[in-house]
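[1] Pasting a predicted model and its sequence here:
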Amino acid sequence: MRATSVYATRVRGPRARNVPLDSDDSCLSDSGDSDEEYTPGPGDEPSGSSSDEDADVPPYAPPSAAGARREAATTQRNRQKVAWETVKQENSAKEVPVWQDALPDAEAIRLPIQYFRDFFDGELLDKIVEQSNLYCTQQHPNRALNLDRPELEQFLGTVVYMSIFLLPWSRMYWSSTSRVQQVAEVMSRDRWEEIKHFIHFCDNSAPNNDDRLFKIRLVIDSLLPKFQALPQHQMLCVEKQMVPFKGRSALRQYSPQKPYKWGYKLFVLCDTTGLVHSFEIFTGEIGPAPGQPDIGASGNIVLKLAQVIPQNVNHLLYFDHWFSSLDLFVALANKGIPALGTIQQNRLRGCTFSADSEMKNKDRGAFEEQQAVVDDVGIRVVKWFDNRGVIVASTFASAQPVSIIERWERKLKRNVSVECPSIISLYNKFMGGVDALDALIAYHRIHIRSKKYYHRLFFHFVDMAIVNSWLLYRRDCESLGVPRRKRKDLLAFRASVAQIKKRRGPAKAIPPQEVRSDAVGHWPVVENGRQRCKLPNCKGQTVYKCAKCNVHLCLNKNDESNTCIITIKVYCTCSKQMFCHVFAINKICFEQNPLT
């Protein structure tokens, strides 16, 4: 009897290829992201995951013949050796380029919702409303969603509030035991779930031309130009970002070294604070951008994102060893963008350093430096040994000047002083922009369960827009010298963005003319809350209302100019006019009736 008849055939899928880490130094921001990601096969899907949206994503096409030729050309370039020479440390320091641009000065501090609407503007919301109503009609011809922009804003506000008051299930926000007023009083549960089900961003009947992101393309095309138009700081970085998603999707990736191992992979360009300037969603094969040289998949991503960086003004770009190559440094230098990043030994084309075992015998903090000229571009490469060796390359930095840092020595159980090259210090200081962005998003991430892959990406873009809005608000506060104690933190800023109008309750019935003019029982009573005065053109807020007619009116006592029998007279204190509806018996009180 064959074993396969009992146990069935083993499902085989692609395996992860473990790549040795450059360094286990916790100070290096790329030390936890060195394993190459792979696209999971059918056997790698987590059990229990399901989705009804797999058909929405066009199947992944294998690399074309052109892609194979590009890969062969890249391999051929990597085999071409470069003449390297050891750098003598005396007078070998390179100066960091001076930034020839500046951030614009802020004119005023705006409201949080105004910053957010710079990204989610009325045009984008109107398009989402249009596509959502169309999608509902396509799915249920006899049913209308009747969604409008104010209601969509209410929906987004409740979603943001849900990220502040995090509960396991969405229906708990309306439950009597765990009710959240900011959500339950804005929209009914059934209406909220209906909008969530039908919110849509494309016309399914339109041809998508094999665009794997056509379901979310509307949002991407709206947000990306707005991110790219933001003023940029001198220090910029490119890094990978994972959008957590455990459902079943052809776009999902697996990254074992990331905090969220399953999800969608984004390549993000941002500054050191986490402000996003551009992004690219990974969908499969990565080709060169139009008009850009083809330097391999990882380098092509950087060149695509770097298209929005102003050239020849000394913006400094940082990235890790997954992107780095000598061709990338040369291509960026030709654009006037100095760069710095960790790099793998096998991408240096003949550059050799001492083995880790040899450098371990030296003092901790030992380093070696070499330089070369590649296509008329000077490149410095430094290998530094802390706990393990790490290699960093740059077109503007060098090992000198060397600084002294404190490192923990396990054998001695105390901190020791270690030499740290300048190129390492710059990398550690300015490389963590995407990590800062991930941390800011993770503080209050929107967790809305959905099987539709574009829902997860849409809510991630909402989080990204809020974080960008807060970082711009903080930049304006620093520009205008606002004290730190008066600035909103991210939580308060997020709550301000989520401030939305409550749903309007049923209108109060107008009392009959006979009741309003009978001059019996129209006495003022005090309410707990203020409401708008019912006199036309009066903007006053009052706690007094007529006990019989149940309308709020401004009140003034002991007005001697009035000839009413009762000494309590009623008039609008804002417009200085007599109320048409007053608490008195004199007939003159009914000559100007605002309710008629």
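    Here it is on my side, so go on.
[2] Next up, the contacts around Cys202.
    Cys202 is in contact with Gln131, Asn208, Phe214, Lys215, Ile216, Arg217, Leu218, counting by Cβ atoms under 8 Å, 6 or more residues apart in numbering. Every C-beta, even on glycine, is put in place using the N, C-alpha and C of the backbone.
[3] now, which of those sits nearest Asn415?
    Using Cβ to Cβ, Ile216 is the member of these that sits closest to Asn415, with 48.4 Å.
[4] gap between the nearest residue to the closest one once chain neighbours are set aside and Phe279?
    Using Cβ to Cβ, 6 or more residues apart in numbering and skipping the chain neighbours, the partner closest in space to Ile216 is Tyr454 (4.2 Å). Taking Cβ to Cβ, to the nearest Å as the criterion, Tyr454 is separated from Phe279 by 15 Å.
[5] Have a look at the two and say which one is more surrounded.
    For Tyr454 against Phe279, the residue with the higher neighbour count under other Cβ atoms under 10 Å is Tyr454, and the figures read 24 against 21.
[6] do you know how far that one is from Val308?
    24 Å.
[7] cool, and Arg407?
    Taken as Cβ to Cβ, the span from Arg407 to Val308 is 38 Å.
[8] Regarding the residue most central in space within the chain, what is its secondary structure?
    Compute the mean C-alpha point of the chain, and by Cα atoms, centre = their mean the closest residue is Met464, 1.3 Å away. Reducing the assignment to helix, strand or coil with DSSP: H, G, I helix; E, B strand; the rest coil, the entry for Met464 is helix.
[9] got the residue ranges for the helices in the stretch 451-596 of the chain?
    453-480, 490-497, 513-516 (DSSP state H, counting those that start in this stretch).
[10] Ranking these by mean neighbour count, which comes first?
    When neighbours are counted by mean count of other Cβ atoms under 10 Å, the highest per-stretch mean among the helices of the stretch 451-596 of the chain falls to helix 453-480, a mean of 21.
[11] Against which helices or strands is that one packed?
    helix 112-117, helix 149-164, helix 217-228, strand 235-244, strand 262-271, strand 276-281, helix 433-443, helix 490-497 (3 or more Cβ pairs under 8 Å, 6 or more residues apart in numbering; DSSP states H and E).
[12] Make TSV from those and add distance to Ile295 to it.
    What follows is the helices and strands packed on helix 453-480, written out as TSV (distance: least, Cβ to Cβ, whole Å):
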stretch	distance to Ile295
helix 112-117	37
helix 149-164	39
helix 217-228	22
strand 235-244	14
strand 262-271	15
strand 276-281	16
helix 433-443	21
helix 490-497	38
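[13] And the strands in the stretch 251-400 of the chain, which stretches?
    253-254, 262-271, 276-281, 316-319, 339-342, 367-374, 377-385, 389-394 (DSSP state E, counting those that start in this stretch).
[14] For the fifth one, output the C-alpha coordinates as PDB.
    Provided in PDB are the C-alpha atoms of strand 339-342 (Å, rounded to 0.1, in the frame of the first residue of the first chain):
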ATOM      1  CA  ALA A 339      23.000  58.600  -0.800                       C
ATOM      2  CA  LEU A 340      24.000  56.300   2.100                       C
ATOM      3  CA  GLY A 341      23.000  52.800   3.000                       C
ATOM      4  CA  THR A 342      24.100  49.400   4.200                       C
END
